[in-house]
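> turn this into a structure:
(chains A and B)
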Amino acid sequence: MNQLLRFTTAGSVDDGKSTLIGRLLYDSKSIFEDQLEAVEASSAKKGFDYVDLSLLTDGLKSEREQGITIDVAYRYFATPKRKFIIADTPGHIQYTRNMVTGASTANLALILIDARKGLIEQTYRHSFIASLLKIPHVIVCVNKMDLVNYDEQVFDKIVEDYKGFSSKLEVSDIQFVPISALLGDNVVNRSEKMNWYQGATLLHMLESVHIESDYNHIDSRFPVQYVVRPQTREHQDFRGYAGRVAGGIFRAGDDVLVLPSGFTTKIKSIQLGEEVIKEAFAPMSVVMTLDDEIDISRGDVICKPNNQPLVEQDIDMMLCWMNQRPVSFNSKFYVRHTTRETRGILKEIQYKLDINSLQRIEGVDQLTMNDIARVKIRTAQPLPFDSYRKNRITGSVILVDEGTNETVAAGMIV
Amino acid sequence: MSQYYLSHLKELEAEAIYVIREVVAQFEKPALLFSGGKDSIVLAYLSRKAFYPARIPFPLVHIDTGHNFPETMEYRDWLVNELGVQLVVGSVQESIDTGRAKEETGYNASRNALQTVTLLDTIEKHKFDAAMGGARRDEEKARAKERFFSHRDEFGQWDPKNQRPELWNIFNGKKHMGEHFRVFPISNWTEMDVWQYIYTENIPIPKLYFSHEREVIERDGALLSTSPWLKLKPNEVPVKKVVRFRTCGDMPITGAVESTADTLEKIIEEVAASRKTERGTRADDKRTETAMEDRKKQGYF
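Residues are numbered from 1 along each chain as shown, chains lettered A, B, ... in the order given. The predicted structure is shown next:
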């Protein structure tokens, strides 16, 4: 069965990120002739000596004019084993906002290190964001090995440095691979120039990393999205709860508890379309019916009586501020959490993080664009939530500005 | 022991259904933009699954250029009846007749760009606040930057440099009066995913997608079907060829490919082996390098 792996990359213009993506797309035959022709023509028009594969990912007019990536771009490729979605994020401007966005849905982060330069500020920043967003897997690609004579010691030193630094982060699964994206060493095909390296190629790692446990299959959570009431003669009394399982496993006959009301009942059936579902688990979209008619609406959570989320109004979280306008205490927002919306107020900024040194900066009274801070938010109604560490779906929120309606922040509940 | 993970198609299906339900939950008057092409057909079937056993709680909107393949119209009417869903038609001919849009002239004249006027007028007339479409990010480079929930200002325009960040699966559909959203539930699907889904779910599709004999002319490397709307150049002589269509757009601008694929299995094989994108047969994208981005900013699909 083919699985889906979502991964994120981030990097600046010259670290070979575009070349690497181009190589993965090209070697997996995901670039089509007409796309390549268009890129060749643009490269020639600009007077380049080589085909600039970054033109494949930089889609907007202003990006092509400036030669930079402005926004997250999504790329797709597939091998016989897996389908891949790449969230390609820029490394230069608004990097935090875009990297956080790309990382929020990723199973895996690709971190590129230039073999000649070793760990740089950007490596720390990207790794920290991967850890903050709880991306379960990291692959560190030591790139441009061709420019250091494929030297094993250069690779070993970088691996050692990275391990030293990453011990401070919360990433459990880290793999390392020495590559040359330009020449294709260890990307799709094994390098003949690095016999000292016994590990897998990058593509093999992407195809085999164990992602079956990336979703929480222990703590059952079903945020109700929509109530299905056909009101047709055939299905007169049907009342189904549509939603996407956020965690755990649900089966017909299970005892369940509905929050915030606290009512208990049993699951009568689980279905999707005409198909009856035996076991529903994340990330399945289904419709549930229950034994008893109780009042349930969008935003309520169906869980198990012996395993409930927290239901509170004062919530601690790591917040990434994403808007041009700064924010300070007592600002009010809409808080969006799973399928629920309530209002919230920024009660306290405990500290801000310097994401290069991971130092805490205390005594801060406002947050500006791309800041990451530990904050306290009070919501108008209690939210049923888990910590982000436990569940990325029930542990995340976005803040929406009440005036402009813009999404201004992303929050990970501590 | 059970395995608790989904195939990539099931995961894409779950994601699309979640997005479609979010639209119905967050907006007052949503609609599904239906072109008769395979992507919007898949979207209609996903919508059926999302709300089953209830009917689809929004209408299908067809922006009718008047230059349709007859097979597309036949299929559209069949599907509307099959799903028991309401159909709203916006007519480009009407926009031309009332002076809202101006017909292009010349050999490559097309009503493709004119659709934007009719589309925006239809959205305004029916007060639709969310219009779902079957656009995919893999189709075209400007579409690679699209959000699932894409905000449009009161003029229906897209501002690609000022999009709302979209995190996890929390979609922000908040808007001011007069603004609307375009929503793309199958953003993450590729052409191959769409075909595989049609195959595994056994979804009926228009005959145009299967190999058949047709009278065509060759122009700029594309095979165009003869029709009352295609103005022939003096040296162009129609010939009969065995072809099929990879996309179903307007008749005068949608190119066919020579193909003997007459079953879904053979189509999937052909798509897997193909070295050209499906939009490679679309004259509308080839006008300039940023043709799609320019049209999208104005309010195109």
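> which pLDDT value goes with A:Gly91?
For A:Gly91, the model assigns a pLDDT of 66.
> no wait, A:Arg251
97.
> could you check the pLDDT of the residue of chain A most remote from its centre?
Distance to the chain centre peaks in chain A at A:Arg233, reaching 43.7 Å (criterion: CA atoms, centre = their mean). We have a pLDDT of 86 for A:Arg233.
> quick one: it is in a strand?
No. Residue state for A:Arg233 (DSSP: H, G, I helix; E, B strand; the rest coil) corresponds to coil; a strand is not indicated.
> pLDDT weak spots in the stretch 151-300 of chain B?
B:275-300 (pLDDT under 70).
> for the stretch 1-150 of chain B, which segments count as strands?
Ranges of strands within the stretch 1-150 of chain B are B:30-33, B:60-64, B:87-91, B:130-132, B:149-152, based on DSSP state E, counting those that start in this stretch.
> can you name the residue of the stretch 101-250 of chain A nearest to chain B?
A:Pro230 (3.8 Å; CB to the nearest CB). In short, each C-beta sits where N, CA and C put it, glycine included.
> residues contacting that residue?
Contacts for A:Pro230 (CB atoms under 8 Å, 6 or more residues apart in numbering or on different chains) come out as A:Gln236, A:Phe238, B:Pro53, B:Ala54, B:Arg55.
> could you do B:Gly178 as well?
Taking CB under 8 Å, 6+ apart, we find B:Gly178 in contact with B:Glu154.
> what is the neighbour count of A:Met412?
22 (other CB atoms under 10 Å in any protein chain shown).
> can you give me the strands for the stretch 301-414 of chain A?
A:301-303, A:310-321, A:327-328, A:332-337, A:340-354, A:359-361, A:366-367, A:372-385, A:396-401, A:407-413.
> correction: the previous question concerned the stretch 1-150 of chain A.
A:3-11, A:73-78, A:82-90, A:108-114, A:137-143.
> of those, which approaches A:Lys332 most closely?
strand A:82-90 (29.9 Å; CB to CB).
> and that closest one with strand A:108-114, angle?
Relative orientation of strand A:82-90 and strand A:108-114, computed by axes from the mean of the first three to the mean of the last three CA atoms, to 10 degrees: 50 degrees.
> for strand A:82-90, which strands pair with it and how are they oriented?
strand A:3-11 (parallel), strand A:73-78 (antiparallel) (DSSP bridges).
> just how off-centre is it within its chain?
10 Å (CA atoms, centre = their mean, to the nearest Å).
> where do the helices sit along chain B?
Using DSSP state H, the helices found in chain B span residues B:8-26, B:38-51, B:70-83, B:92-97, B:115-125, B:191-201, B:264-273, B:291-298.
> got the contact list for the residue nearest to the residue of the stretch 101-250 of chain A closest to chain B when sequence neighbours are not counted?
Distance criterion CB to CB, 6 or more residues apart in numbering or on different chains; nearest residue to A:Pro230, sequence neighbours excluded, is B:Ala54 at 3.8 Å. If you count contacts by CB under 8 Å, 6+ apart, B:Ala54 has them with A:Val228, A:Arg229, A:Pro230, A:Gln231, A:Thr232, A:His235, A:Phe238.
> correct me, but the fifth one touches B:Arg55?
So that's A:Thr232. Yes. At 7.3 Å, A:Thr232 counts as touching B:Arg55 under the criterion of CB atoms under 8 Å.
> of those two, which one has the most company?
Using other CB under 10 Å as the criterion, A:Thr232 and B:Arg55 rank with B:Arg55 on top: 16 against 12.
> the more buried one contacts B:Gln86, doesn't it?
No. Applying CB under 8 Å as the test, B:Arg55 and B:Gln86 come out as separate, 9.3 Å apart.
> tell me which element A:His217 is part of?
Assigned by DSSP states H and E, A:His217 falls within no helix or strand.
> so who does it touch?
Per CB under 8 Å, 6+ apart, neighbours of A:His217: A:Gly247, A:Gly248, A:Ile249, A:Phe281, A:Ala282, B:Tyr4.
> before we move on, what about A:Glu362?
A:Gln350, A:Tyr351.
> go again using 10 Å as the cut-off
A:Ile349, A:Gln350, A:Tyr351, A:Lys352 (CB atoms under 10 Å, 6 or more residues apart in numbering or on different chains).
> now do the contacts for the first one.
Shown here is A:Ile349, whose contacts under the criterion CB under 10 Å, 6+ apart are A:319, A:327-329, A:361-367, A:371, A:373-376.
> switch to 7 Å and redo it
By CB atoms under 7 Å, 6 or more residues apart in numbering or on different chains, the contact set of A:Ile349 is A:Val364, A:Asp365, A:Leu367, A:Ala373, A:Val375.
> so how far is A:Leu319 from it?
9 Å (CB to CB, to the nearest Å).
> and the residue of the stretch 51-200 of chain B found nearest chain A, how many neighbours?
Of all residues in the stretch 51-200 of chain B, the one sitting closest to chain A is B:Lys141 (3.3 Å; CB to the nearest CB). Neighbour count of B:Lys141, defined by other CB under 10 Å: 24.
> also the one 3 residues further on?
Burial measure for B:Ala144: 23 neighbouring residues, criterion other CB under 10 Å.
> what does B:Ser225 give?
21.
> my guess is it contacts B:Val216. True?
Yes. Counting by CB atoms under 7 Å, B:Val216 is a contact partner of B:Ser225 at 5.6 Å.
> overlap in contacts, the two.
B:Ala256.
> kindly report the residues of the stretch 101-250 of chain B close to chain A.
Neighbours of chain A within the stretch 101-250 of chain B, by CB under 7 Å from any CB of the partner chain: B:137-138, B:141-142, B:144-145, B:160-161, B:163-168, B:170, B:172, B:174-176, B:188, B:190, B:192.
> re the thing from before, quick one: which of the contacts of A:Glu362 is nearest chain B?
Taking these together and measuring to chain B by CB to the nearest CB, the closest member is A:Lys352, at 19.5 Å.
> can you pull out the helices in chain A?
A:17-27, A:33-45, A:54-57, A:61-66, A:95-104, A:121-132, A:152-166, A:202-208.
> dump the ones you listed to a markdown table, plus mean neighbour count and mean pLDDT.
Formatted as a markdown table, these follow (neighbours: other CB atoms under 10 Å in any protein chain shown; pLDDT from 0 to 100):
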| stretch | mean neighbour count | mean pLDDT |
| --- | --- | --- |
| helix A:17-27 | 22 | 81 |
| helix A:33-45 | 15 | 73 |
| helix A:54-57 | 23 | 63 |
| helix A:61-66 | 15 | 57 |
| helix A:95-104 | 25 | 86 |
| helix A:121-132 | 21 | 88 |
| helix A:152-166 | 16 | 95 |
| helix A:202-208 | 18 | 95 |
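> got any residues that touch both of A:Ile349 and A:Leu319?
A:Ala373, A:Val375.
> burial of B:Ala273, as a residue count?
B:Ala273 has 8 nearby residues by other CB under 10 Å.
> I meant A:Ser357, not that one.
11.
> what sits closest to it if chain neighbours are left out?
A:Tyr124 is the one closest to A:Ser357 (CB to CB, 6+ apart), at 8.0 Å.
> quick one: the residue farthest from the centre of chain A from B:Ile56, how far?
18 Å.
> then B:Thr247?
24 Å.
> look at those two and report which has more neighbours.
More neighbours surround B:Ile56 than the other of B:Thr247 and B:Ile56, with 22 against 19 (other CB under 10 Å).
> pull the contacting residues for the more buried one.
By CB under 7 Å, 6+ apart, the residues touching B:Ile56 are B:Ser47, B:Arg48, B:Leu83, B:Val85.
> and what of B:Val19?
Here B:Val19 is in contact with B:Phe148, B:Val183, B:Pro185 (CB under 7 Å, 6+ apart).
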